[in-house]
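*Asks:* Pasting the sequence and the predicted model now:
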There are 2 protein chains.
Amino acid sequence: MSAAPPAPYQPTDRTVPTRSRERASYDRELVHSILDAGYLCHLGFVRDGAPVVLPTLYARVGERLYVHGSTGSRPLRGAGADQGLAVCLTVTHVDGLVLARSAFHHSINYRSVLVHGIAHQVTDTGERSRALDAIVEQVVPGRSADSRRANAKELSATAVVRLDLEEVSAKLRTGGPNDEPEDLELPYWSGVVPVARSYGDPIPSADLDPAVPLPGYLAGSTASASSGS
Amino acid sequence: MSAAPPAPYQPTDRTVPTRSRERASYDRELVHSILDAGYLCHLGFVRDGAPVVLPTLYARVGERLYVHGSTGSRPLRGAGADQGLAVCLTVTHVDGLVLARSAFHHSINYRSVLVHGIAHQVTDTGERSRALDAIVEQVVPGRSADSRRANAKELSATAVVRLDLEEVSAKLRTGGPNDEPEDLELPYWSGVVPVARSYGDPIPSADLDPAVPLPGYLAGSTASASSGS
């Protein structure tokens, strides 16, 4: 017998979109795959009643996300309070430009995940250290073991915030344009332009000892364009 | 005499970052160039006291941004109220992965713009139509004139929201890693992995008349990888 697939995330009022519901998913493995394909999120929180959206790095470890920053940064200070900080963390990959015959049906193919929840500062030293490793690994797999670990002074200057994956949805669009039947004969090109994030040849620091070789995890990661953005 | 450069955006309490102030800029031309290099933003707003961050397309026209959506979508309905909707619109391009000898100094090179303000629905028919053209143009320059314009029914199903560029900041990081002097002799590779958004060969719709040629604006846009993400 094969293992049962993991249970999906439970939809809530705010994870069921008001439109394009057919593009929403609560599938746990799909959500994980979208999160794992990226490393930059947009973190939203409320300050003085107004929204703020900051780009920041993140990592997924099981059913928990981590973001980090200076202990002086505003959202991380807010997450240090007892009640935590209400956030919405969004990850989006652009996969294609969708060109329909009609301007109205132009679109993009994308995969996105929205996580709603309360962010809390991580106080446990072991968890903080593992989270920082995970953020380095999320960006460059293999790198955390091939760099100098943070020392006590650096650790104390770094705040780490956790956000559990509980109220989560994915939203995605795939495929070609949805032209109206009466538009099919119009003389306009129609189709999809694929979009991906691509990586160039690594550029060594000017002060790098030439005897230090390019690590294998970089040679591999730049050999082909990675999907997503 | 050459024309004076445009005045920078006026910093405000919420556009001056609490940390890494040296990475912040209010230069108008820099802000425009970052906005013009992208087409996907993350739009934050507050619903029931909690933040929501949605990925969506945008266009810049002068000192105004536009986003669009279904007339039934929640943020666009909110922007239809007299008082408008408080938003934070963020655009981020990832330009490189910065690998330092120490885990602590790992970073990414990026360019981002944050726009704070009140979004309002556009009611003027002419401005709405120009905004929709601008959004198509932002994604694929040259395309809006080479597709069927929206008809009255489509226009009435589409809400357009405007956000003026008044409270705006850019934030960016460039260059190599900032390693500690005492780490320079460590045996770890150090440098930058360039990141860009790249475009693949356009894929025609299955139902496209083979006599319709690939438009020049697509052949050009996919000939080389565009910067940003």
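*Replies:* Nice, thanks for sending it over. The structure displayed is predicted, hence computed values, not measured ones.
*Asks:* which helix in chain A runs the most residues?
*Replies:* The single longest helix within chain A, with elements called by DSSP state H, is helix A:125-139.
*Asks:* Now the helix or strand just after that helix: buried residues?
*Replies:* Downstream of helix A:125-139, the next assigned helix or strand under DSSP states H and E is helix A:152-156. The neighbour-count check on helix A:152-156 (16 or more other C-beta atoms under 10 Å in any protein chain shown) flags A:Glu154 as buried. Quick note: C-beta positions are derived from backbone N, CA and C, even for glycine.
*Asks:* re earlier: which positions within the longest helix of chain A qualify as buried?
*Replies:* A:128-139.
*Asks:* would CSV of those residues with pLDDT be doable?
*Replies:* Formatted as CSV, the buried residues of helix A:125-139 follow (pLDDT from 0 to 100):
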residue, pLDDT
A:Arg128, 94
A:Ser129, 94
A:Arg130, 96
A:Ala131, 97
A:Leu132, 96
A:Asp133, 96
A:Ala134, 97
A:Ile135, 97
A:Val136, 97
A:Glu137, 97
A:Gln138, 97
A:Val139, 97
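*Asks:* and chain B, which of these contact it?
*Replies:* Subset of the buried residues of helix A:125-139 in contact with chain B: A:132-133, A:136, A:139, counting by C-beta under 8 Å from any C-beta of the partner chain.
*Asks:* ok so, going back, the longest helix of chain A packs against which elements?
*Replies:* strand A:50-57, strand A:59-61, strand A:64-70, helix A:152-156, strand A:158-164 (3 or more C-beta pairs under 8 Å, 6 or more residues apart in numbering or on different chains; DSSP states H and E).
*Asks:* And the strands in chain A, which stretches?
*Replies:* For chain A, the strands defined by DSSP state E occupy A:24-25, A:40-47, A:50-57, A:59-61, A:64-70, A:85-99, A:107-121, A:158-164, A:167-173, A:191-199, A:203-204.
*Asks:* okay, those strands in a markdown table with mean neighbour count, distance to chain B and mean pLDDT next?
*Replies:* Below are the strands of chain A laid out as a markdown table (neighbours: other C-beta atoms under 10 Å in any protein chain shown; distance: least, C-beta to the nearest C-beta, whole Å; pLDDT from 0 to 100):
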| stretch | mean neighbour count | distance to chain B | mean pLDDT |
| --- | --- | --- | --- |
| strand A:24-25 | 18 | 12 | 94 |
| strand A:40-47 | 24 | 4 | 97 |
| strand A:50-57 | 22 | 4 | 96 |
| strand A:59-61 | 20 | 12 | 98 |
| strand A:64-70 | 21 | 5 | 92 |
| strand A:85-99 | 24 | 4 | 98 |
| strand A:107-121 | 22 | 5 | 97 |
| strand A:158-164 | 22 | 7 | 95 |
| strand A:167-173 | 21 | 8 | 97 |
| strand A:191-199 | 21 | 3 | 97 |
| strand A:203-204 | 14 | 4 | 97 |
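*Asks:* CSV please, covering these and showing distance to B:Leu54.
*Replies:* Listed next are the strands of chain A as CSV, based on distance: least, C-beta to C-beta, whole Å:
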stretch, distance to B:Leu54
strand A:24-25, 12
strand A:40-47, 9
strand A:50-57, 10
strand A:59-61, 20
strand A:64-70, 18
strand A:85-99, 7
strand A:107-121, 8
strand A:158-164, 17
strand A:167-173, 9
strand A:191-199, 19
strand A:203-204, 35
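*Asks:* Grab the most central residue of chain A for me.
*Replies:* A:Val91 (3.7 Å; C-alpha atoms, centre = their mean).
*Asks:* That residue and A:Ile34 touch, don't they?
*Replies:* Yes: the criterion here is C-beta atoms under 8 Å, and A:Val91 meets it with A:Ile34 at 6.3 Å.
*Asks:* returning to that earlier point: quick one: contacts of the longest helix of chain A?
*Replies:* Applying C-beta atoms under 8 Å, 6 or more residues apart in numbering or on different chains, the contact partners of helix A:125-139 are A:36, A:39, A:57-61, A:66-68, A:122, A:143-144, A:147, A:149-150, A:155, A:158, A:160, A:162, B:97, B:103, B:106, B:108.
*Asks:* Give me the distance from it to the chain's centre.
*Replies:* Remark: helix A:125-139 is offset 15 Å from the chain centroid, using C-alpha atoms, centre = their mean, to the nearest Å.
*Asks:* Can I get it in PDB? Just the C-alpha atoms.
*Replies:* Output in PDB follows, covering the C-alpha atoms of helix A:125-139 (Å, rounded to 0.1, in the frame of the first residue of the first chain):
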ATOM      1  CA  THR A 125      18.900  29.400  19.900                       C
ATOM      2  CA  GLY A 126      19.000  26.100  18.200                       C
ATOM      3  CA  GLU A 127      15.900  26.800  16.000                       C
ATOM      4  CA  ARG A 128      17.300  30.300  15.200                       C
ATOM      5  CA  SER A 129      20.600  28.800  14.000                       C
ATOM      6  CA  ARG A 130      18.800  26.100  11.900                       C
ATOM      7  CA  ALA A 131      16.500  28.700  10.400                       C
ATOM      8  CA  LEU A 132      19.500  30.900   9.300                       C
ATOM      9  CA  ASP A 133      21.100  27.800   7.700                       C
ATOM     10  CA  ALA A 134      17.800  27.100   6.000                       C
ATOM     11  CA  ILE A 135      17.600  30.600   4.500                       C
ATOM     12  CA  VAL A 136      21.100  30.200   3.000                       C
ATOM     13  CA  GLU A 137      20.100  26.800   1.700                       C
ATOM     14  CA  GLN A 138      16.900  28.000   0.200                       C
ATOM     15  CA  VAL A 139      18.900  30.500  -2.000                       C
END
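*Asks:* Just want the angle from that helix to strand A:40-47.
*Replies:* Interaxial angle, helix A:125-139 versus strand A:40-47 (axes from the mean of the first three to the mean of the last three C-alpha atoms, to 10 degrees): 130 degrees.
*Asks:* could you check the distance from the residue of chain A positioned farthest from its centre over to A:Val115?
*Replies:* Within chain A, A:Glu185 marks the point farthest from the mean C-alpha position, 39.7 Å out by C-alpha atoms, centre = their mean. Separation of A:Glu185 from A:Val115 (C-beta to C-beta, to the nearest Å): 44 Å.
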